[in-house]
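K.L.:
Here is a sequence with its predicted model. Questions after.
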2 protein chains.
Amino acid sequence: MKVTIKDIARLAGVSSATVSKILNNNDQHISEKTRRRVLKVIEENNYNPNSVAKGLRMKQSKMIGFVLPDIRNPFFPEIAKGIEDVAKQKGFGVLLCNTDNDFTKEEECFKFLTSYMIDGIIFTRSLKRSNVEKFIKSGVPMVLVDRDLEIEEEVGKIFIDAQKAVYDSTKKLIDYGCKRIAFISAKHISSNERYIGYKEALNSNGLVIDEKLIYLEDYNVETGYRGVNEIISSTSCKVDGVVCGNDLIAVGAIKAFDEKNIQIPNEVKIIGFDDIYLSQYLNPPLTTIHQPAYEFGKEAATMLIDHIENEVPLYTKELEYKLIIRGTV
Amino acid sequence: MKVTIKDIARLAGVSSATVSKILNNNDQHISEKTRRRVLKVIEENNYNPNSVAKGLRMKQSKMIGFVLPDIRNPFFPEIAKGIEDVAKQKGFGVLLCNTDNDFTKEEECFKFLTSYMIDGIIFTRSLKRSNVEKFIKSGVPMVLVDRDLEIEEEVGKIFIDAQKAVYDSTKKLIDYGCKRIAFISAKHISSNERYIGYKEALNSNGLVIDEKLIYLEDYNVETGYRGVNEIISSTSCKVDGVVCGNDLIAVGAIKAFDEKNIQIPNEVKIIGFDDIYLSQYLNPPLTTIHQPAYEFGKEAATMLIDHIENEVPLYTKELEYKLIIRGTV
DNA sequence: ATGAAAGCGCTAACAT
DNA sequence: ATGTTAGCGCTTTCAT
């Protein structure tokens, strides 16, 4: 049987109120003697306060939710670690929820998390506008990571300028002399800004947008692989650059070119997005946009918990991305 | 203000007991009319039952804990996804906890998780024997993943025969004609079986064990990189095979050889362990031991939840590994 | 068929 | 300095 505060009280010959006060350092008015005695009993019995009961009573679970599209995309664990590190340090737990990029699951996650009285919630990437609005209305403090939505409600935001980032990377390809630059990414909303960045770079540098060079599916390796094959077959190999929506797509793209013996970066140049940890170890090492994933998590959790504990207002913060030139360019 | 069961009761003109019964399908004795009315009110008010209160009352949080060394090692998210998929489907949530391979944090995780009244707990890899024993005594159902400990207490276990797996992979290298085979892995306990597998393969095939060919540090890329450089410098390049404790180490090893222009697999052959998703996309694609990570998660969660809900006893299950020959051999 | 009431483990306001 | 008590939102036994 789990030992409760009452057991401790009984064993120490005090009331549970006293124990509670000692536990929570409300012990200005507790005699040193009792304090010691109670602490000793706690120690001896390995008492572990029940956070659920405490949460119910306090209407504060000391838990934050983290909603992400897919934990298997290495970009997200990095964020998760950032969140967990600061959460743990501030005495908070993290409840994870995968949406699989499905808006219905997104709602389920939210419902699930709030049913556990989480004190705040961090969303990454996914997120239908109408969902965000609904969620915010429910009153749970919320910060959006890697997703800059124009929203008037009070919500925290941590992101990079993805549009500009992709503009830069596309421009880089153009500078390298690429003329037929493909864009392979996800159908997902978060891909929009990247798409715009790509198009703008083309437009403002006198290149035309060719629908045949655009392939939109998911943020995964298969998409990159299929995308390249699709594009190559429909354009009879006339591609000399590929801007990828994320690094996984880039990995798939590289594979596809390799199989066709098309040389990277000589015949075709590739740029990724995210800079997942293994990108630097690919062969050739992937040139990509570095997103500060771990910092995303840290910043988001810090802001959220500061807001929860000290009413610090939520804010918007743009972090710096960085184009990292490696071997695919 | 969050709407509670009392609000629903009031709004529907019934008692909260009635609402509760309807909510939990204990409605044999509820008139169809009331049922409908209550359900309507619930619907209209978007009522979301408070799992914390329910958990406290039921002494069952419908939550399981997952303790892992480091969420950033791609092997673990795969397991996590397996766990989450079955948990979600059975109405359970998953509370994650990173130990960073630190035994003290391992204890903290356990304390933290139990304070939230988790109904069961899944541990991967890390785990000091004395900790396991202590944890089991606390009465929380527990399953160990990827860690086969000889333990008499009742505990679930899902694992592969890592020793045999590494024996096989080392043997494979020997069959390919390697004579000077290095072993690079972690200092971690879970590395022991792998180490033994390596040594046995050498021993039973007439090869001697050379301490200079062994490098033990962590399960990460840096270890592989440093390990190779260390070994190369101390043996003046006489290595023709490397058995790696996991794929990340293999990635680092490949990098190190690449930098020295030592050809893989011609001059040196490499074998990894885990078969993380990106291994197949490395260049050359990594030959490795495939661990069924997602199945680990699924099996573990299924067993644990079956145990929690239907008192199905915990059991031990060995899953199959597979040596996957790709390009580094 | 429905409701009243107790209690899960905790905290906090209010005694004493 | 310490204790009494009510109540967080829920379920469940026992009345009615």
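P.N.:
Thanks, I have it. Bear in mind the structure is a predicted one, so any value in this text is a computation, not a measurement. Numbers count the residues shown, from 1 in each chain, chains lettered A, B, ... in the order given.
K.L.:
only C-alpha atoms for contact and neighbour calcs from this point on.
P.N.:
OK.
K.L.:
What parts of the stretch 151-300 of chain A come near chain B?
P.N.:
For the stretch 151-300 of chain A, the contact set with chain B under C-alpha under 8 Å from any C-alpha of the partner chain comprises A:251-252, A:255, A:281-284.
K.L.:
could you redo the last one with a cut-off of 10 Å?
P.N.:
Residues of the stretch 151-300 of chain A lying near chain B by C-alpha under 10 Å from any C-alpha of the partner chain: A:221, A:248, A:251-252, A:254-255, A:258, A:277-285.
K.L.:
Report the two of those residues separated the most.
P.N.:
A:D258 and A:Y277 (21.5 Å; C-alpha to C-alpha).
K.L.:
Of these two, which one has the most company?
P.N.:
Comparing A:D258 with A:Y277 by neighbour count (other C-alpha atoms under 10 Å in any protein chain shown), the higher total belongs to A:Y277, at 16 against 13.
K.L.:
so who does the residue lying closest to A:E222 once chain neighbours are set aside touch?
P.N.:
Leaving out its chain neighbours, the residue that sits closest to A:E222 by C-alpha to C-alpha, 6 or more residues apart in numbering or on different chains is A:G252, at 5.9 Å. Contacts for A:G252 (C-alpha atoms under 10 Å, 6 or more residues apart in numbering or on different chains) come out as A:220-228, A:244, A:258, B:281.
K.L.:
Make a ChimeraX selection of the buried ones in the residues you listed.
P.N.:
One line in ChimeraX is enough to select the buried ones among the contacts of A:G252; burial here means 16 or more other C-alpha atoms under 10 Å in any protein chain shown:
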select /A:220,221,222,223,224,225,226,227,228,244 /B:281
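K.L.:
What count of nearby residues applies to the residue in the stretch 151-300 of chain A that chain B sits nearest to?
P.N.:
Taking C-alpha to the nearest C-alpha, chain B has its nearest neighbour within the stretch 151-300 of chain A at A:N283, 5.3 Å off. A count of nearby residues for A:N283, using other C-alpha under 10 Å, gives 20.
K.L.:
Quickly find the element holding it.
P.N.:
Using DSSP states H and E, A:N283 is not contained in any helix or strand.
K.L.:
can you tell me the helix or strand for the residue lying closest to A:A201 once chain neighbours are set aside?
P.N.:
The shortest distance from A:A201 to any non-neighbouring residue, by C-alpha to C-alpha, 6+ apart, is to A:Y167 (5.2 Å). Using DSSP H and E, A:Y167 maps to helix A:162-175.
K.L.:
Report the buried residues of that helix.
P.N.:
Buried residues in helix A:162-175, defined by neighbour count with 16+ other C-alpha under 10 Å: A:162-174.
K.L.:
With respect to pLDDT, which of the residues of the stretch 151-300 of chain A next to chain B ranks lowest?
P.N.:
Checking pLDDT across these, the minimum falls on A:N283 at 87.
K.L.:
ok, that one - contacts?
P.N.:
A:N283 makes contacts with A:251, A:254, A:264, A:327-328, B:254-255, B:258, B:281-285, as judged by C-alpha under 10 Å, 6+ apart.
K.L.:
Drop anything exposed from those.
P.N.:
Among the contacts of A:N283, the ones that count as buried by 16+ other C-alpha under 10 Å are A:251, A:254, A:264, A:327-328, B:254-255, B:281-285.
K.L.:
which pair in these spans the largest distance?
P.N.:
So, these by C-alpha to C-alpha: farthest apart are A:I264 and B:I254, at 19.2 Å.
K.L.:
returning to that earlier point: narrow the contacts of A:G252 to those in helices?
P.N.:
Using DSSP state H, the subset of the contacts of A:G252 located in helices is A:221-228, A:258.
K.L.:
For the biggest helix by length in chain A, give the mean pLDDT please.
P.N.:
Longest helix in chain A, counting residues (DSSP H): helix A:293-310. Averaging pLDDT along helix A:293-310 gives 97.
K.L.:
Could you confirm whether any residue of the helix or strand containing A:K81 contacts chain B?
P.N.:
Using DSSP H and E, A:K81 maps to helix A:75-89. Yes: Helix A:75-89 is in contact with chain B by C-alpha under 10 Å from any C-alpha, via A:75-81, A:84-85, A:88.
K.L.:
helix/strand/coil for A:Y215?
P.N.:
Three-state assignment for A:Y215 (DSSP: H, G, I helix; E, B strand; the rest coil): strand.
K.L.:
Quick one: distance of the helix or strand of chain A with the lowest mean pLDDT to the chain centre.
P.N.:
The helix or strand of chain A with the lowest confidence, counting by mean pLDDT, DSSP states H and E, is helix A:129-137 at a mean of 86. When distances are taken as C-alpha atoms, centre = their mean, to the nearest Å, helix A:129-137 is centred 18 Å away from the chain's centroid.
K.L.:
just stretch A:90-98 next, same as before
P.N.:
On the basis of C-alpha atoms, centre = their mean, stretch A:90-98 sits 13 Å off its chain's mean C-alpha point.
K.L.:
try stretch A:228-236
P.N.:
32 Å.
K.L.:
residues of that stretch that come out buried?
P.N.:
A:228-232.
K.L.:
so A:S190 makes contact with A:D146?
P.N.:
Yes: counting by C-alpha atoms under 10 Å, A:S190 does reach A:D146; the two are 8.4 Å apart.
K.L.:
These two: who's more crowded?
P.N.:
Neighbour totals were compared for A:S190 and A:D146, and A:D146 leads with 24 against 20 (other C-alpha under 10 Å).
K.L.:
That one against A:I189, yeah?
P.N.:
No: between A:D146 and A:I189 there is no contact under C-alpha under 10 Å: 11.7 Å.
K.L.:
what would the contacts of A:N283 look like in CSV with distance to DNA strand D?
P.N.:
Below are the contacts of A:N283 laid out as CSV (distance: C-alpha to the nearest atom of the strand, whole Å):
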residue, distance to DNA strand D
A:V251, 47
A:I254, 52
A:I264, 58
A:G327, 56
A:T328, 55
B:I254, 55
B:K255, 55
B:D258, 60
B:Y281, 48
B:L282, 50
B:N283, 54
B:P284, 55
B:P285, 52
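K.L.:
Residues of the stretch 51-200 of chain A that sit close to DNA strand D?
P.N.:
A:53-54, A:56-59 (C-alpha under 7 Å from any atom of the strand).
K.L.:
ok, now how distant is A:S234 from A:E217?
P.N.:
Distance from A:S234 to A:E217, counting by C-alpha to C-alpha, to the nearest Å: 17 Å.
K.L.:
again but with A:K105, I slipped
P.N.:
Distance of A:K105 to A:E217, given as C-alpha to C-alpha: 19 Å.
K.L.:
just checking: which of the contacts of A:N283 also lie near DNA strand C?
P.N.:
Okay, of the contacts of A:N283, nothing touches DNA strand C (C-alpha under 7 Å from any atom of the strand).
K.L.:
Need these in TSV (columns: distance to A:D100).
P.N.:
TSV is the format used below for the contacts of A:N283 (distance: C-alpha to C-alpha, whole Å):
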residue	distance to A:D100
A:V251	20
A:I254	25
A:I264	32
A:G327	31
A:T328	30
B:I254	33
B:K255	33
B:D258	37
B:Y281	23
B:L282	25
B:N283	29
B:P284	30
B:P285	27
